[in-house]
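Participant: need a structure here:
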Amino acid sequence: MVMNMKIISRIGISSGSILLAVLFSLHAQGFQFVGNAFDPNTGELIYKEHHKVSLNQNQEYLKTQVIYKDKQGEVFAQKQLDFSDALLVPKVSFTDTRSQVTLNIQRQQDVVMIQYQDQRDSLKADVRYQQKMVVDAGFDQLLLENWDKVLSGETLNFDFLAPTRGQLIAFS
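Facilitator: Reported below is the predicted structural model:
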């Protein structure tokens, strides 16, 4: 079975917002979708994200590969997420060739290890694992796990990993 769906939403990005249009293609073993990021003032395409999600036998996220392409269709970044150990704290491997950024996040028992590098800075940090800790796209999983609470207006408290700071930020 294949299901296609188009979603358009507005998301915040540091100094403003972008319009994100997403096209889903759903299959039993996983799904793919493309997100288009637009400048909210001009409507101009900024970049596209091509997501390929693999699901486990319980239909939970197992792995995700994201390819980022500029408006000319050239790949400028890639990200791999591995949810096999924890849905909220996936392993992350990210590379952006434009800015020479690399980011790796891994969890080993009670420690989340971060390695970040760009043209000017580098960071290695170990952050103690917390019960309601969220890393990267683990945020999506947090929402899925707590969807009824979100819809009822209940407050969710969690700690989101800020990898370039090497610390957790408390969110509600």
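Participant: quick one, helices of this protein?
Facilitator: 138-145, 147-151 (DSSP state H).
Participant: any regions of the protein where pLDDT drops low?
Facilitator: 1-28 (pLDDT under 70).
Participant: show me the residue at the heart of it, geometrically.
Facilitator: For the chain, residue 137 is the residue whose C-alpha lies nearest the centre (Cα atoms, centre = their mean; 3.3 Å).
Participant: torsion angles phi and psi at that one?
Facilitator: phi -70, psi 0 (degrees, to the nearest 10).
Participant: that one against residue 82, yeah?
Facilitator: No. The pair residue 137 / residue 82 is not scored as a contact, 10.8 Å apart, by Cβ atoms under 8 Å. Where you see a C-beta, it was placed from the backbone N, CA and C, and this is true even at glycine.
Participant: what do these two both touch?
Facilitator: Between them, residue 137 and residue 82 share these contacting residues under Cβ atoms under 8 Å, 6 or more residues apart in numbering: residue 90.
Participant: strands of the chain, start to end?
Facilitator: Secondary structure of the chain (DSSP state E): strands located at 3-13, 16-27, 30-38, 45-55, 61-70, 75-82, 91-96, 101-108, 111-117, 122-128, 133-134, 158-162, 167-171.
Participant: packing partners of the shortest one?
Facilitator: Same thing as strand 133-134. strand 158-162 (3 or more Cβ pairs under 8 Å, 6 or more residues apart in numbering; DSSP states H and E).
Participant: look up how far residue 158 lies from the residue nearest to the centre of the chain.
Facilitator: Distance, residue 137 to residue 158, by Cβ to Cβ, to the nearest Å: 14 Å.
Participant: who's in contact with the residue nearest to residue 126 when sequence neighbours are not counted?
Facilitator: Distance criterion Cβ to Cβ, 6 or more residues apart in numbering; nearest residue to residue 126, sequence neighbours excluded, is residue 111 at 5.0 Å. Taking Cβ under 8 Å, 6+ apart as the criterion, residue 111 is in contact with 126, 127, 128, 129.
Participant: among those, name the buried ones.
Facilitator: Buried residues within the contacts of residue 111, counting neighbours by 16 or more other Cβ atoms under 10 Å: 127, 129.
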